[in-house]
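Q: sequence first, predicted coordinates after that:
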Amino acid sequence: MKQRLFLLLPVCLITVLVQAQTAKDLLQKVKTKYDKVNDYTATGKMKTNVIFIKAPVANIKVYYKKPDKLKIKNESGVSFIPKGSANVNMNNVLGLSNFEAVESGTEKIAGITCKVIKIFPLSDEENITRATLYIDEARLLMIKSVISTRENGTYELLMTYKKYAEWGLPDNVELSFNTRDYKLPKGVTIDYDNGTGKAPARDAKNQKGKVEIAYASYEINKGVADTVFN
């Protein structure tokens with residue numbers, strides 16, 4: 001019995017190591033695709049669904065520059081994207097260098113069979129503590145991600161792709177988060193509005209919030225000045 005156990009242990013270890021390497025190989029392929037985008041300027045509309053904030057659908061302009069500079073400007077002058085929410089792009093996760101990755105089967109997201117990969121950063125200096133990625137392996141696209149951070153809670157990104165799929169850029173992004181971890185931008189006051197005209201209960205900040213961005217167009221690799229992000 002002991003001999004059989006000793007034989008099984010190396011086999012199990014090899015299996016784990018192979019799976020980890022396969023997961024990292026897939027992540028590298030996805031990163032290579034996303035790395036084709038050095039910068040972009042995009043236009044679109046943003047819908048904010050947070051129980052304690054009145055925010056109409058806004059026309060927005062989004063600026064991005066590799067590796068992690070991103071700024072969203074809307075017509076009201078205020079962006080309600082929660083601080084620390086992986087910047088609504090995946091480079092913060094794909095750019096990790098010291099981490100373990102484990103395959104965790106497959107799952108269908110919006111009808112697409114995705115490979116599930118769990119990521120565990122090994123450095124205490126990383127804001128990201130863990131992430132679960134749902135990857136369309138055939139197109140090398142991130143369909144969904146659930147990202148936990150040290151300072152800003154857990155965020156979920158759901159992405160759909162059409163015109164700009166070859167660049168890894170989504171046409172639609174849904175960002176969900178717990179309102180408990182939501183931090184208002186400076187100078188913004190809470191204006192409670194839950195559709196009833198009454199102030200919500202004390203636990204309203206424990207509900208889910210959602211920001212949806214529908215992109216209309218991208219200008220890719222045309223150059224974005226650093227001053228845009230000041």
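A: Yes, it's here.

Q: Ala214 reaches Asp171, doesn't it?
A: Yes: here Ala214 reaches Asp171: they are 7.1 Å apart, a contact under C-beta atoms under 8 Å. In short, each C-beta sits where N, CA and C put it, glycine included.

Q: can you give me the pLDDT of the residue most central in space within the chain?
A: Taking C-alpha atoms, centre = their mean as the criterion, Leu157 is the residue nearest the geometric centre of the chain, at 4.5 Å. Listed pLDDT for Leu157 reads 91.

Q: so it, which of the three states?
A: With DSSP: H, G, I helix; E, B strand; the rest coil as the basis, Leu157 sits in strand.

Q: which of the helices or strands spans the closest residue to it other than its chain neighbours?
A: Once flanking residues are discounted, Leu157 sits nearest to Ser145: 4.8 Å by C-beta to C-beta, 6 or more residues apart in numbering. Taking DSSP states H and E as the criterion, Ser145 maps to strand 141-149.

Q: ok, now Ser97?
A: Counting by DSSP H and E, Ser97 is found in no helix or strand.

Q: report how many residues lie close to it.
A: Counted with other C-beta atoms under 10 Å, the neighbours of Ser97 add up to 8.

Q: and it, how far from Ile213?
A: Distance of Ser97 to Ile213, computed by C-beta to C-beta, to the nearest Å: 28 Å.

Q: poorly predicted segments of the protein, please.
A: Counting by pLDDT under 70, the chain has low-confidence residues at 1-21, 51-54, 76-89, 181-206.

Q: longest strand of it?
A: Among the elements of the chain assigned as strand by DSSP state E, the one spanning the most residues is strand 208-220.

Q: what's it in contact with?
A: The contact list for strand 208-220 (C-beta atoms under 8 Å, 6 or more residues apart in numbering) reads 37, 39-51, 60, 62, 80-82, 88, 164, 167, 169-179, 182.

Q: so what's Lys29 closest to, chain neighbours aside?
A: Going by C-beta to C-beta, 6+ apart, Lys29 has Leu140 as its nearest residue, at 5.5 Å.

Q: surely the one you found is in contact with Lys33?
A: Yes: between Leu140 and Lys33 there is a contact at 4.8 Å, judged by C-beta under 8 Å.

Q: now the common contact residues for those two.
A: Counting by C-beta under 8 Å, 6+ apart, the common neighbours of Leu140 and Lys33 are Gly168.

Q: in this structure, mark out all the strands, start to finish.
A: Shown for the chain, the strands assigned by DSSP E span residues 39-49, 58-65, 69-74, 99-109, 112-121, 128-136, 141-149, 154-160, 172-178, 208-220.

Q: list the contacts for the closest residue in space to Lys31 that isn't next to it in sequence?
A: What sits nearest to Lys31 in space, not counting adjacent residues and going by C-beta to C-beta, 6+ apart, is Leu94, at 4.3 Å. Going by C-beta under 8 Å, 6+ apart, Leu94 touches Leu27, Val30, Lys31, Tyr34.

Q: could you report the neighbour count for the third one?
A: Lys31 is flanked by 17 other residues according to other C-beta under 10 Å.

Q: quick check: it vs Gly168, distance?
A: Lys31 is 9 Å from Gly168, by C-beta to C-beta.
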